[in-house]
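>>> Give me a 3D structure for the following:
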Amino acid sequence: MGRGRPRISTFSSRSRSVMHGREEGRGFAPHQPRWALRQILEPQRQVAGAAQELKIAACLHIFYEDYIHRFAQALNEFPIELDVLLTLAKEEHIATARKVFEAHPRGRHVEIRVVPNRGRNFAPWLVEYAEKLQQYDLFCHLHSKKSLYSGREQTQWADYATEFTLRKRAQFKGDVSIIDIYTELVKQLGATDQEGQCWMQQEFELDLRMIQAKNEMVELFNTLGSLGHKLWVISDTYYTRGQVGLMLKKAGVTVPYRLLVSSAEQKRKDNGTMWHMVKQDLEGEGITRHLHIGDNVVADAQLPGDLGLTTFHILHPMDKWQALGFPEVLQGDDALDEGQILKWGKLVSAYSKLIAHSVP
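Have a look, this model is predicted:
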């Protein structure tokens, strides 16, 4: 999962074929009705007088023209005025962007730069506006991103990005929890603890609404649990253990598991500290056969593998497509062309699932 969204991987204490028991006719865990959100908390939009004096910037990267208006609408919800620092992938979007944001009631100063659409998750505030952002007390970084591999536009990532994730620069070192983040925000904005709780809950509920299960993985997870395997779920995330547990419940997980999240353990997969702990715990429990499954080649394969842990890396659908020798598609400029993505994306995604299902 993305930025704040937890990246979850799974540990099983046995490495035999995962569907072996089912092929023998053993029972497996059925899917249960998924938990659904019933109430949304609406935070108050007023901030204390001290917050009015803070110098704040919104650093926005826009590739798709329709996100000019989407981001402008998102800024309508911002409680005070701020500067708007834009990076655009196409010069033809300059006129529209300038017209929209210079007329925005929350905008004080608007600056626009045209940049290549590479590394846009972080480059606008690490490269183009790195020096300028040092002048601000707080900044919000948003970028437009569409995922079209299902054959239709999906805006979960972009919608998630429009949640304001303001942090005090350089304040947080190492891993933090969402509670730490909003505690600091309350201090900086002069808000009440209740307002901070409402904002924090709103962010989580937004992400929870967007969670979509990979049904094959959920069925596999429940099957392993019903057969008596010890299952550990390990995630690098600032969400709490309880919040990640709710996400898994919504996805349909119904069997027992141990949940390790970086915000609670103060250890991460991507820097190796989590894997040192996992190795010690496995040895402490006398577990000699295990398998870690994950989709990040470094955090889920290389780092645990260097410690002697057995891993299985799940390839991205595009990696599978290329490994099977199919024609190169969605490369270079085509990788950002909506028409090409709509043409090839659904086929690549569907074929990768068929290949996965046909492996004995």
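>>> where in the stretch 251-360 of the chain is pLDDT low?
Applying pLDDT under 70 to the stretch 251-360 of the chain flags residues 332-336, 352-360.
>>> what about the strands in it?
Applying DSSP state E, counting those that start in this stretch to the stretch 251-360 of the chain gives strands spanning 258-261, 291-294, 311-313.
>>> before we move on, what about the stretch 1-150 of the chain?
Going by DSSP E, counting those that start in this stretch, the stretch 1-150 of the chain shows strands at 7-12, 56-62, 82-88, 107-114, 138-143.
>>> M318: which of the ones you listed is closest?
Of all the strands of the stretch 1-150 of the chain, strand 7-12 sits nearest to M318, with 18.1 Å by CB to CB. In short, each C-beta sits where N, CA and C put it, glycine included.
>>> Run through the residues that contact L309.
275, 278-279, 282, 290, 292 (CB atoms under 8 Å, 6 or more residues apart in numbering).
>>> Which members of the residues you listed are positioned in helices?
275, 278-279, 282 (DSSP state H).
>>> which phi and psi does V255 have?
Note on V255: backbone dihedrals following degrees, to the nearest 10 are phi -100, psi 160.
>>> Does it touch V233 like I think?
No - in this structure, V255 is not within contact of V233 by CB atoms under 8 Å, at 10.9 Å.
>>> Could you check which of these two has the larger neighbour count?
Between V255 and V233, counted using other CB atoms under 10 Å, the more crowded position is V233 (20 against 15).
>>> Next, give phi and psi for that one.
Torsion angles, degrees, to the nearest 10, at V233: phi -110, psi 130.
>>> Against G294, how distant is it?
Distance, V233 to G294, using CB to CB, to the nearest Å: 11 Å.
>>> Repeat that for D193.
37 Å.
>>> Those two: which is more packed in?
Of the pair D193 and G294, G294 is the one with more neighbours under other CB under 10 Å, namely 20 against 10.
>>> residues near E77, how many?
Per other CB under 10 Å, the neighbour tally for E77 reads 11.
>>> Oops, could you answer that again for Y129 instead?
Close neighbours of Y129, defined as other CB under 10 Å, add up to 21.
>>> Can you spell out which residues form a bridge with the nearest residue to it once chain neighbours are set aside?
Distances taken as CB to CB, 6 or more residues apart in numbering put L85 closest to Y129, at 5.0 Å, once the chain neighbours are dropped. Bridge pairing for L85 (DSSP bridges) gives the partners C59, E111.
>>> got it, and V233?
T10, L259.
>>> ok, it to D270 distance?
16 Å.
>>> cool, Q52 as well?
38 Å.
>>> low-scoring stretches of the stretch 1-150 of the chain, by residue?
Using pLDDT under 70, the stretch 1-150 of the chain drops low at 1-47, 116-127, 144-150.
>>> can you give me the helices for it?
20-23, 66-75, 94-102, 123 (DSSP state H, counting those that start in this stretch).
>>> which residues sit against the third one?
Helix 94-102 is touched from outside by 62, 65, 68-69, 72, 84, 86, 88, 107, 110, 112, 114, with contacts defined as CB under 8 Å, 6+ apart.
>>> and which of those residues is nearest to E219?
Nearest to E219 among the contacts of helix 94-102, with distances taken as CB to CB, is I62, at 38.9 Å.
>>> correct me, but the closest one touches E92?
No - the criterion here is CB under 8 Å, and I62 misses it with E92 at 11.8 Å.
>>> neighbour count winner among the two?
Counting neighbours by other CB under 10 Å for I62 and for E92 shows that I62 has the greater number, 25 against 9.
>>> Contacts only, for the more buried one.
Here I62 is in contact with 68, 71, 86-89, 93, 97, 143-144 (criterion: CB under 8 Å, 6+ apart).
>>> State the distance from it to W199.
Taken as CB to CB, the span from I62 to W199 is 25 Å.
>>> Quick check: S262 touching D236?
Yes - counting by CB under 8 Å, S262 sits close enough to D236 to count as a contact (4.6 Å).
>>> tell me, what's touching these two both at once?
Common contacts of S262 and D236 (CB under 8 Å, 6+ apart): 175, 268-269, 274.
>>> farthest pair in those residues?
Most distant of these, by CB to CB, are D175 and K269, 10.7 Å apart.
>>> quick one: common contacting residues for these two?
236, 262.
>>> Compare those two (neighbour count), which wins?
K269 (24 against 21).
>>> Please determine how far that one is located from I211.
20 Å.
>>> which residue packs closest to F63, ignoring adjacent ones?
A89 (4.4 Å).
>>> Quick check: the one you found touching L60?
No - with contact defined as CB under 8 Å, A89 does not reach L60; the gap is 11.8 Å.
>>> Please say which of these two ends up with more neighbours.
Neighbours per residue (other CB under 10 Å) separate A89 from L60, with L60 holding more: 27 against 18.
>>> just to revisit the earlier point, any idea how far the residue nearest to F63 is from D175?
32 Å.
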